[in-house]
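Asker: Turn this into a structure:
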Amino acid sequence: MLPPRSIAAFAPSLDRAVLRAVLSAGGPWARSSEALASRLSELLERSPARWVAEPEDALLAALADRVEGPLVLALPAYGHPGFEAGRLRPDTRLLWMEPAVGRTDPGPSEIAAALDQGANAVVLTPIAGDLQALPEAEQLCARRGAVLALDARNSMGARALERGPQNYADLCLVPADGEGGPSPCPGAVLLGDEGSSDPRTGPRAPGWAIEVLARAIRDEPHLRRLLPLPGERSPRGHAPSLPPAWAIAAAAARAESAAHRGSQRARHARSLQMHCSHIAALDSVPAKQGFQAAGLAFPVLASGREGILRELRDTGVEAVTGLAGWLAPDAARGERSRALAERLILLPLHPYYRPQDLDWLAERLRQATLRVNGTGDADPSEAVHYAAKAAGEL
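Answerer: Here you go, the predicted model:
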């Protein structure tokens, strides 16, 4: 086996099963957005389901339809960047929820405080698959008559009391391919909302096909064991408003094995928890009994975040970006959400990791943390590197 050379932020979205679905004119795979939503509904055991082109807009519109009177919406101060205030109706009142102590997302006490302030709708957007607040959040909202919505696109594979994220909340957004991350199929599937998906499919979209292929090649782990780390990831191109039939088939093929890849991510998350627990100047997010954290990234909290990210990049690890960002305006950002934004590092979490990949990733993180937050004296192998870098020779 070739040793690791670099690790991409996301796993590639194409494999042999997906390519067979794309290239086959027939076959059992869905070829319309309605059929894709129906298949995901069966796999996730949650209905109704419909494909939506603009996930955030669709979720917020469904929330507004379920609430009588003006919408009083509770959102994480630091959460999924797609839920910016510009998507809301002008008469919506916003309440910002801080992350729970030591966690990346709001907890039951923060949700209860928002409900006490009059929230009639709550949106949770778990950054890295931490679902520990969901059972109590569901009970709190049910008692207060509030609508609970969940964006689970970053959390497939996580479990809360033996239930997946799709089994919670009145409304739930899940990725179109059931897994999350860069997908051949744009949009998402909204669970719990009546209505039908647009039955049409878009044109072949050759530009989108080229982008999907280029992204998959760039993230392919076998190539990255031979080639140096690619340059900065280019901005994502404009996705078609209606998915072409081949993209729907690709998503349907990925959805069939998404649960297995989610389980693999969960196992790797537990291994990384063990690997990273001894690293000085680093805190991980613990999971309590009955909860399994898994998603598109493994979160750690560290001082000197920007320096550590640069060190990781220099040694071949692309940290995951785009899963979280500021939703609250500067004046409404509390101490805990600011501390989270300053310390949160999201490590790539892939289903195909081997034991040596996990060892290599944890060692890169240990070295990066040492260089930024330590002196190098405690590790002779890094002392020379650190001294040379401090002197501007590297």
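Asker: When you work out contacts or count neighbours from here on, use the C-alpha atoms and nothing else.
Answerer: Will do.
Asker: so where do the helices sit in the stretch 1-150 of the chain?
Answerer: The residue ranges that make up the helices of the stretch 1-150 of the chain, judged by DSSP state H, counting those that start in this stretch, are 16-23, 33-44, 55-66, 108-116, 134-144.
Asker: I'd like those helices laid out as JSON lines, including mean pLDDT, distance to Arg159 and mean neighbour count.
Answerer: Converted to JSON lines, those look like this (pLDDT from 0 to 100; distance: least, CA to CA, whole Å; neighbours: other CA atoms under 10 Å):
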{"stretch": "helix 16-23", "mean pLDDT": "92", "distance to Arg159": "26", "mean neighbour count": "16"}
{"stretch": "helix 33-44", "mean pLDDT": "94", "distance to Arg159": "13", "mean neighbour count": "21"}
{"stretch": "helix 55-66", "mean pLDDT": "93", "distance to Arg159": "22", "mean neighbour count": "18"}
{"stretch": "helix 108-116", "mean pLDDT": "97", "distance to Arg159": "17", "mean neighbour count": "19"}
{"stretch": "helix 134-144", "mean pLDDT": "96", "distance to Arg159": "10", "mean neighbour count": "17"}
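Asker: For the stretch 201-350 of the chain, give me the ranges with low pLDDT.
Answerer: Applying pLDDT under 70 to the stretch 201-350 of the chain flags the ranges 227-238.
Asker: now the helices of the stretch 1-150 of the chain in TSV, with distance to His268?
Answerer: Formatted as TSV, the entries for these read as follows, by distance: least, CA to CA, whole Å:
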stretch	distance to His268
helix 16-23	23
helix 33-44	22
helix 55-66	29
helix 108-116	27
helix 134-144	23
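Asker: Roughly how far does Leu73 sit from Leu94?
Answerer: 5 Å (CA to CA, to the nearest Å).
Asker: Spatially, what comes nearest to His80 if we skip its sequence neighbours?
Answerer: Ala324 (4.7 Å; CA to CA, 6 or more residues apart in numbering).
Asker: Give me the neighbour count for the one you found.
Answerer: Here the neighbour count serves as a burial measure; for Ala324 (other CA atoms under 10 Å) it reads 21.
Asker: separation between it and Gly79?
Answerer: 5 Å.
Asker: tell me which residues form a beta bridge with Val123?
Answerer: On DSSP bridges, the residues paired with Val123 through beta bridges are Ala149.
Asker: re earlier: looking at Leu73 and Leu94, which is more packed in?
Answerer: Leu73 (25 against 17).
Asker: wait, what's in contact with the residue lying closest to Pro12 once chain neighbours are set aside?
Answerer: With CA to CA, 6+ apart as the criterion, Pro12 has its nearest non-adjacent residue at 4.5 Å, and that residue is Ala216. With CA atoms under 8 Å, 6 or more residues apart in numbering as the criterion, the residues that contact Ala216 are Ala11, Pro12, Ser13, Leu14.
Asker: from those residues, which is closest to Asp116?
Answerer: Each of the contacts of Ala216 was checked against Asp116 using CA to CA; the closest is Ala11, at 41.1 Å.
Asker: What is the end-to-end distance of stretch 173-181?
Answerer: Distance between the two ends of stretch 173-181: 13 Å, counting by CA to CA.
Asker: OK, contacts around Trp246?
Answerer: By CA under 8 Å, 6+ apart, Trp246 lies in contact with Ala21, Val22, Leu23, Arg31, Arg204.
Asker: Phi first, then psi, for it.
Answerer: Main-chain dihedrals, Trp246, degrees, to the nearest 10: phi -70, psi -40.
Asker: Cys172 is in what secondary structure piece?
Answerer: With the criterion set as DSSP states H and E, the secondary-structure element containing Cys172 is strand 171-175.
Asker: now for the helix or strand just after that strand, which elements pack on it?
Answerer: The first helix or strand that comes after strand 171-175 along the chain, using DSSP H and E, is strand 188-191. In this structure, strand 188-191 packs against strand 49-52, helix 55-66, strand 171-175, with contacts taken as 3 or more CA pairs under 8 Å, 6 or more residues apart in numbering; DSSP states H and E.
Asker: Export strand 188-191 to PDB, keeping only CA atoms.
Answerer: C-alpha atoms of strand 188-191 as PDB (Å, rounded to 0.1, in the frame of the first residue of the first chain):
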ATOM      1  CA  ALA A 188     -31.500  18.600  -1.400                       C
ATOM      2  CA  VAL A 189     -34.500  16.600  -0.200                       C
ATOM      3  CA  LEU A 190     -36.900  18.100   2.300                       C
ATOM      4  CA  LEU A 191     -38.600  15.600   4.700                       C
END
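Asker: residues in contact with that strand?
Answerer: The set of residues that contact strand 188-191 without belonging to it, under CA under 8 Å, 6+ apart, is 37, 41, 46-55, 58-59, 166, 171-176.
Asker: Sheet-wise, list the partners of it with their directions.
Answerer: Note on strand 188-191: by DSSP bridges, its sheet partners are strand 49-52 (antiparallel), strand 171-175 (antiparallel).
Asker: Asp283 is nearest to which of those?
Answerer: Between Asp283 and the strands paired with strand 188-191, the shortest separation by CA to CA is 28.8 Å, and it involves strand 171-175.
Asker: which other residues reach that closest one?
Answerer: 55, 59, 148-153, 156, 166, 180, 187-193.
Asker: Asp130 and Asp105, how far apart?
Answerer: When CA to CA is the yardstick, Asp130 and Asp105 sit 8 Å from each other.
Asker: The nearest residue to Leu365 once chain neighbours are set aside: helix or strand, and which one exactly?
Answerer: The shortest distance from Leu365 to any residue other than its chain neighbours is 6.7 Å, reached at Leu312 (CA to CA, 6+ apart). Counting by DSSP H and E, the element that carries Leu312 is helix 305-314.
Asker: who's in contact with the nearest residue to Ala53 once chain neighbours are set aside?
Answerer: Residue nearest to Ala53 in three dimensions, not counting chain neighbours: Gly187, with 4.4 Å by CA to CA, 6+ apart. Gly187 makes contacts with Trp51, Val52, Ala53, Glu54, Pro55, Pro175, Ala176, as judged by CA under 8 Å, 6+ apart.
Asker: tell me which residues of the one helix or strand Ile248 maps to are tucked away?
Answerer: Secondary structure here is read from DSSP H and E; on that basis Ile248 sits in helix 245-256. By neighbour count on 16 or more other CA atoms under 10 Å, the buried set for helix 245-256 is Ala245, Trp246, Ala247, Ile248, Ala249, Ala250, Ala251, Ala252, Ala253, Arg254, Ala255, Glu256.
Asker: Sweet, I'm off.
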